[in-house]
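# any chance you can model this:
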Amino acid sequence: MSSISFRDAVTDSLGGRSCTGGDDVFREATERVFGEEGAKYPVEAVVLIEVERAESLISPGYLHVRTEDEMRSTWRERRSALDAEFEAHVAKEPFQP
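Model (predicted):
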């Protein structure tokens, strides 16, 4: 049984390209990770894939509301209930370092 690396599997199955350093794709990707995202973790490899098409995606949460305002109101109420539940828990069992 032969072993295949994740990088090779991605390259083969998605028709992408993987890089482990030294070329322009790797340099640009790592510049984005460190420069734009401010990441502090090491990057050993990158995978570049070509997107052939993208379609719109609607969150299932929006299937039950008519407007963005209604969605936000629903989540404000839920967040308020969660905050109250958390505060009750903290009052009963305060944090002790």
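
# show me what secondary structure element comes after the helix or strand where residue 27 lies.
According to DSSP states H and E, residue 27 maps onto helix 24-31. Downstream of helix 24-31, the first helix or strand assigned by DSSP H and E is strand 46-48.

# and the pLDDT for the residue nearest the centre of the chain?
Centre of the chain computed as the mean C-alpha position; nearest residue by Cα atoms, centre = their mean is residue 37, 12.5 Å away. As predicted, residue 37 sits at a pLDDT of 81.

# relative to residue 43, how far out is it?
Residue 37 sits at a distance of 11 Å from residue 43 (criterion: Cβ to Cβ, to the nearest Å). C-beta here means a position set from N, CA and C on the backbone, and glycine is covered the same way.

# one more: residue 72?
Residue 72 is 36 Å from residue 43, by Cβ to Cβ.

# now swap in residue 62 and tell me
35 Å.

# from residue 27, how far out is residue 78?
For residue 78 relative to residue 27 (Cβ to Cβ), the value is 44 Å.

# can you give me the pLDDT of residue 30?
So, for residue 30, pLDDT stands at 84.

# tally of neighbours for it?
If you count neighbours by other Cβ atoms under 10 Å, residue 30 ends up with 17.

# what does the one 3 residues further on give?
Using other Cβ under 10 Å, the number of residues around residue 33 comes to 15.

# residue 34 too?
Neighbour tally, residue 34, other Cβ under 10 Å: 13.

# mind listing what the closest residue to it other than its chain neighbours touches?
Using Cβ to Cβ, 6 or more residues apart in numbering and skipping residues adjacent in sequence, the residue nearest residue 34 is residue 43, 7.8 Å away. Shown in contact with residue 43 (Cβ atoms under 8 Å, 6 or more residues apart in numbering): 29-30, 33-34.
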